[in-house]
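# the following comprises the amino acid sequence and a computationally predicted model.
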Amino acid sequence: MGECGQFRMAAAARAGRRIALRGLPRLLHTLSCGLGLLAGSGCAERNGFVEVDSGPPVRFVRGAGHADIPVYAVHVGESFTMRFRARMGACDDAVLHDEGEGKYYDCGSPTTGSFEWTHSVGEASPVGVLRRLVVDGYSRKGARDCMPIRGELVEGGRPDDPKDWRIAQAVVAIEPYQSVLEATFSLDGTHPDWGLTRLVLRRSDGRQTTIRAATGQSRGFGGTGPDEQGRWRVRYEPACGEVDHSGETSAELVVADEDGRTTVVRLSFSTP
């Protein structure tokens, strides 16, 4: 190729760059308008993604104005990680509304456009009652407008300060549950010595918890029996830290009887 041909190619490349640069403000304006449409319409309700780190969803329920809402089973007393991001655009702030509690929580600062924080289910949470968790993401246009303070959503900002855009929203539901361990066994006519009997729970990470029979106000397992068939029964409601939050938890009931012998009952139970 001659020098004239090379010169024409270089000139064309420079012209292409000028066209691309002239088109950049238009592209940025289009994206800005798109975010504005999200902020001013119901599109924001479909622009967010949130997940709960407590095993896969156990089912989906219909939500007003939303697609199917995933339901996560969460053990009573459990603290779990939540993650939120916008599908289009980037949020500067995010606020969680726990409708079951009626409280608002800040989701922290974003990392590469995503928020990650810890939420919890109190020990007194009603078992089996769905709680919606609604996360709103905002694009800040000056000073921050919405800030959760002691569970209340406080809106601030000066009159001349541009209002923040709500560009993303996502909804999930949690269903608190209480795991239950029950074991039935026979002792060939003798009676258990509940004071010497112990229940051992083993999580998949190797953590082990030993439980004794409940006495007075102390927490522990309960033992009853014998029934018409001479069988004894043990029942225990584990705390959230004693079981796997998803999958199988193994257990071993070491029963001491009045004759000084021990009977071992091995079992396992599932959590969602």
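Happy to help now that I have it. Residues are numbered from 1 along each chain as shown.
# the residue lying closest to residue 195 once chain neighbours are set aside: neighbour count?
Setting aside the residues directly before and after it, residue 195 is nearest to residue 213 in space (C-beta to C-beta, 6 or more residues apart in numbering), at 6.6 Å. (C-beta placed from N, C-alpha, C; glycine too.) Neighbouring residues of residue 213 were enumerated by other C-beta atoms under 10 Å; the total is 19.
# OK, contacts around residue 213?
Applying C-beta atoms under 8 Å, 6 or more residues apart in numbering, one finds that residue 213 lies in contact with 194, 195, 197, 220, 221, 222, 223.
# okay, and the last one sits in which element?
By that I understand residue 223. Under the criterion of DSSP states H and E, residue 223 resides in strand 222-224.
# could you do the second one as well?
Assigned by DSSP H and E, residue 195 belongs to neither a helix nor a strand.
# how far away is it from residue 258?
Distance from residue 195 to residue 258, counting by C-beta to C-beta, to the nearest Å: 11 Å.
# tell me where the stretch 51-200 of the chain has strands.
For the stretch 51-200 of the chain, strands defined by DSSP state E, counting those that start in this stretch occupy the ranges 59-63, 66-75, 79-86, 93-98, 103-106, 114-120, 131-139, 146-149, 152-155, 165-177, 181-186, 198-202.
# I'd like the ones you listed written out as CSV, with mean neighbour count and mean pLDDT added.
Below are those laid out as CSV (neighbours: other C-beta atoms under 10 Å; pLDDT from 0 to 100):
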stretch, mean neighbour count, mean pLDDT
strand 59-63, 13, 88
strand 66-75, 19, 88
strand 79-86, 20, 97
strand 93-98, 21, 98
strand 103-106, 18, 98
strand 114-120, 16, 97
strand 131-139, 22, 96
strand 146-149, 14, 92
strand 152-155, 12, 92
strand 165-177, 23, 96
strand 181-186, 16, 94
strand 198-202, 19, 97
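# relative to residue 265, which of the ones you listed is closest?
Distances from residue 265 to each of the strands of the stretch 51-200 of the chain were compared using C-beta to C-beta; the shortest belongs to strand 181-186, at 5.1 Å.
# could you check the pLDDT of the residue nearest to residue 203 when sequence neighbours are not counted?
Beyond its immediate neighbours in the sequence, the residue positioned closest to residue 203 (C-beta to C-beta, 6+ apart) is residue 244, lying 5.2 Å away. The pLDDT attached to residue 244 in the predicted structure is 89.
# kind regards, and thank you for your time.
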